[in-house]
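Student: For reference, the sequence and a predicted model appear below.
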Amino acid sequence: MHDFDADNEALVRAVLDHALGRMADEPPMRPVSTDEELRELVGETITAEGLGGTEALRRYVEHLAPNNIAADNPRYLAFVAGAPTPAASAFDFVVASSSVAGSSWLDGAGMVHAENRALRWIADLADLPATAGGCFVTGGTMGNLSALVTARDVAIRERTAAGLDRPGRWAVVASASTHASIDSAARVMDVDVILADLDDELRVTGEAVTAAIDGRPGGTEVFAVTATAGTTNVGVVDALDSVADACATAGVWFHVDGAYGGAAMAAPSVRHRYVGVERCDSLVVDPHKWLFSPFDCAALVYRDPMQARRAHTQHAGYLEPLMDDTVFNPCDHAHVLTRRARGVPFWFSLATYGTDAYRDAIEQTLAVARATRDLVVAADHLELLVEPELSVVAFRRRGWDADDYQAWCDRLLADGTAMLTTTTFDGEPAMRVCIVNPRTTVDDLAVILATLAPGA
Ligand SMILES: *Cc1c(COP(=O)(O)O)cnc(C)c1O
């Protein structure tokens, strides 16, 4: 079964051929089947004898592959999509076939070096010091959790060093526009979330952070503030510099969640929005969102990686061979041990195309977002909800309710026009498009928006 014989070689080639075809053409968008329908179509696939590669691949290609909605379709504008480069997607095969756990320098030095060069590029975009470092994790959710675990560990150490007891409750300051994963991390950690107010531009400011910290309940201590560099719903970058001031004054960890928006630090036209990011203690940026990497790839960077090591390193006799202070072990920086070297496809793509290509591709998506904003503003039946700062355009169709939006999304998917999903804004139903694919054109958006015209 394990011999790499002619049959296995033929199977690998057939699988790679399918993958190559998938990269060359995204499948049409269409609604997916129910689980019952798929059971019917695909039949039983897990059998004692095995189906054989040819048959298993046939069932995948004919029935399962078309029942996915590929996020790299230029008209996939729901959630935050992703559009991997061919180089990045191809190198995912290399990671898979190399059998290197990207956990430690001991057996993954080559992979770890590559990942760290890519991580360094992100740290440089944020103007973080040369000592900054971290690792690639599965997503922003895991990045945020790992960063907050480090932040709390630091706060515990500081209190202990100062001879203070642990507080009754720990809390993290966030806002109504913070991503749901921060709330999820707080639940995992059994800590509270204190909401800072948003200003008129939907931004968290230092003033609001200070008010949130000062207003904490008795017995509660704040161990971290999280600011968002590009909110998921509308793409607003919090006032990072003033939040950094508030964190410095309060002596609290400053985490920046740039899972979606951090990528645009590479775009000169919007780089000024991120001033203050260089003062963060930790930063998350998802290459699988707006840096053209396959799922699942999120960069987690710490100003001082030693703090992460104290919080996350796992200790056991069988792990002692890894304990070497002179080398860098990615697994010490997040809630992980065995890990896929998921930053390597991103590294290969950056190395292949160069960082200028990344800058240009991100600027391209920003330009399309600005043009989309203009299309919305020009249409009497549409209402722009927020001036776009990044590549999210949020709007309403005048006179529509939640059912109308949903029916519109269903129609667009049913006829293969686009993949859109609804959202809420100010508690009311709304639409948003998020443009992270450089192949998405203004014309794509014009076609989609035209279907909203009265009588269309
Ligand atoms: C997408 C997103 C996350 C979660 O990232 P995953 O990679 O989906 O886990 C966190 N924060 C923000 C701002 C996001 O946009």
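Tutor: Nice, thanks for sending it over.
Student: Can you report how many residues lie near Thr249?
Tutor: 12 (other CB atoms under 10 Å). All C-beta spots, glycine's among them, are computed from the backbone N, C-alpha and C.
Student: please begin residue numbering at 205 from this point
Tutor: With 205 as the first residue, the last one maps to Thr453.
Student: gap between the nearest residue to Ala292 once chain neighbours are set aside and Ala565?
Tutor: Distance criterion CB to CB, 6 or more residues apart in numbering; nearest residue to Ala292, sequence neighbours excluded, is Ser553 at 3.8 Å. From Ser553 across to Ala565, the span is 11 Å (CB to CB, to the nearest Å).
Student: Need the overlap of contacts for these two.
Tutor: Common neighbours of Ser553 and Ala565 (criterion: CB atoms under 8 Å, 6 or more residues apart in numbering): Phe496.
Student: Of these two, which one has the most company?
Tutor: Legend: neighbour count by other CB under 10 Å for Ser553 and Ala565, higher for Ser553 (26 against 23).
Student: Tell me which residues touch the residue nearest to Ala292, please.
Tutor: Counted by CB under 8 Å, 6+ apart, Ser553 has contacts Pro288, Thr289, Ala291, Ala292, Phe295, Phe496, Ser497.
Student: tell me the secondary structure for it?
Tutor: Using DSSP: H, G, I helix; E, B strand; the rest coil, the structure places Ser553 in helix.
Student: next one: Arg234
Tutor: Arg234 falls in the coil class when you classify it by three-state DSSP.
Student: Grab the two from the contacts of Ser553 that are most spread out in space.
Tutor: Phe295 and Phe496 (11.9 Å; CB to CB).
Student: Comparing those two, which residue is more hemmed in?
Tutor: Phe496 (29 against 24).
Student: Torsion angles phi and psi at that one?
Tutor: Phe496 has phi and psi values of phi 60, psi 40 when expressed as degrees, to the nearest 10.
Student: do the same with Ser379
Tutor: Taking degrees, to the nearest 10 as the convention, Ser379 sits at phi -150, psi 180.
Student: State the number of residues packed around it.
Tutor: What Ser379 shows, counting by other CB under 10 Å, is a neighbour count of 25.
Student: That one contacts Thr432, doesn't it?
Tutor: Yes: counting by CB atoms under 8 Å, Ser379 does reach Thr432; the two are 7.5 Å apart.
Student: intersection of neighbour lists for those two?
Tutor: What both Ser379 and Thr432 touch, as defined by CB under 8 Å, 6+ apart, is the set Val408, Asp442.
Student: quick one: the strands in this protein?
Tutor: Secondary structure of the chain (DSSP state E): strands at 337-341, 373-379, 396-400, 424-432, 457-462, 486-489, 502-506, 586-588, 596-601, 626-629, 632-638.
Student: can you give me the helices in the stretch 455-604 of the chain?
Tutor: Here the stretch 455-604 of the chain has its helices, by DSSP state H, counting those that start in this stretch, at 491-494, 509-516, 548-557, 559-582.
Student: Spell out which parts of the chain neighbour the ligand.
Tutor: 284, 343-345, 348, 383, 385, 432, 436, 461, 463-464, 490, 502 (CB under 6 Å from any ligand atom).
Student: can you list the domain ranges for this protein.
Tutor: 205-234+237-271, 296-556, 559-654 (automatic domain parsing).
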